[in-house]
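Peer 1: Build the 3D model from these lines:
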Amino acid sequence: MATDIYSLSISARLTLDMHSLNNEGGEGNQIQTRMVDIVAADGRLYNVNAISGDMLKHIQAEHLYRIAASNEALPLCAACKLFDANRISADTAYTEQIKGKSDGEAIDLMVQTCTLDDLEGNLITADRSTPRKSVAEFGWVVGVPVDEEGRELTTTGSYFHVKYASERGGSARDAAKEEGARKANLGQIPFHRPASSGVYALVSHYEIARIGYNDIIHRYGLDDNARLARHKALLESVLYTFLQPNGAMRSAQLPHLVDAAGVISYSTDVIPAPTVSPLNPGYPRRRRSACRLRPTRRHPCGSLPSTNLQRSLACGRPRLQVRVGNR
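Peer 2: Numbering: from 1, shown residues only. This is a model prediction of the structure:
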């Protein structure tokens, strides 16, 4: 029997080895990985490797796009069919249709036209400023600096690489000089690239009841069957985000996903599913306490994608007839 779900959240610790999924750029021949400052549960400040929530949401959105592109029940606007980052804002047919219409009518048309814009959000800026808040919310995935005994759990190293050159004789050196004059970078180029390993804390939240919901005029723009189809597609894309965490430098540094364990919680009425950061070593216990606020449920997941995760993501449905905005 399907369970009505108002909101759903995931708190998990991921063990990732030798990855470089999110980098800030390069300086000379050194690629710089993304580092952030955090305050851990012990109250101390740490500088740790991280993956931005933007990166994680892009990964999830790409999986959702692929799911929708292969399912006629999940319509996409003209721009999203090309996975345009501007989404429906780049759909000229849509921008023409909303001229002279109210913001509420513009959101209604957006929700009915495109699955990606409905679930991932957008801001229409053509002659207006009309927001569509995302159903999916992702926090930074940050390295857990130390365990309860003070042992380091996350580290980043820099590794030397050089482009292979099959010929190293005089003719090759002459060619390199000529190449240097035109700066085509055809010779042997030494460079350093990072790789990080460790335990990472992940939090995410999904406002399931807002699927197809127009926040401006406070009503649903889709029927129940359409909302259920999008609900299933959204949670399938979340599952794929764990199975295939896309990102930078995967062609030669495909991450080792060693383990992922955490807690999934969901609410069945107008109360947010609780989220406690896995930076806190006691997060499963604290989340259990938060779940005593009824009506919420939690499912511990010993290893993702575990049976519990798949069951939690597959068996629910968006809660029907919930007024999310002002009553």
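
Peer 1: Where do the strands of the stretch 51-200 of the chain begin and end?
Peer 2: Remark: strands assigned in the stretch 51-200 of the chain by DSSP state E, counting those that start in this stretch are 122-124, 130-132, 136-138, 141-143, 154-162, 190-206.

Peer 1: Figure out which of the ones you listed is closest to Ser102.
Peer 2: Judged by C-beta to C-beta, the one of the strands of the stretch 51-200 of the chain that comes nearest to Ser102 is strand 130-132, at 9.3 Å. C-beta here means a position set from N, CA and C on the backbone, and glycine is covered the same way.

Peer 1: Okay, buried residues for the closest one please.
Peer 2: Buried residues in strand 130-132, counted by 16 or more other C-beta atoms under 10 Å: Thr130, Arg132.

Peer 1: same check, this time on stretch 20-39
Peer 2: Buried residues in stretch 20-39 (16+ other C-beta under 10 Å): Ser20, Leu21, Asn22, Asn23, Ile31, Thr33, Arg34, Ile38.

Peer 1: Closest one of those residues to Val258?
Peer 2: Leu21 (14.6 Å).

Peer 1: For Ser196, give me its contacts.
Peer 2: Ser196 sits next to Leu16, Met18, His19, Ser20, Thr33, Asn49, Gly143, Thr154, Thr155, Thr156, Gly157 when contact means C-beta atoms under 8 Å, 6 or more residues apart in numbering.

Peer 1: What does the pLDDT read for it?
Peer 2: At Ser196, the model reports a pLDDT of 91.

Peer 1: same question, the one 5 residues further on
Peer 2: According to the predicted model, the pLDDT of Ala201 comes to 96.

Peer 1: Contacts only, for it.
Peer 2: Ser11, Ala12, Arg13, Val141, Val142, Gly143, Val144, Ser277, Pro278, Leu279.

Peer 1: Filter these down to the ones in helices?
Peer 2: Among these, DSSP state H puts none in helices.

Peer 1: got CSV for these, with distance to Ser134 and neighbour count too?
Peer 2: Output for the contacts of Ala201, formatted as CSV (distance: C-beta to C-beta, whole Å; neighbours: other C-beta atoms under 10 Å):
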residue, distance to Ser134, neighbour count
Ser11, 19, 28
Ala12, 20, 22
Arg13, 24, 20
Val141, 17, 24
Val142, 20, 27
Gly143, 25, 26
Val144, 26, 25
Ser277, 20, 18
Pro278, 22, 26
Leu279, 23, 21
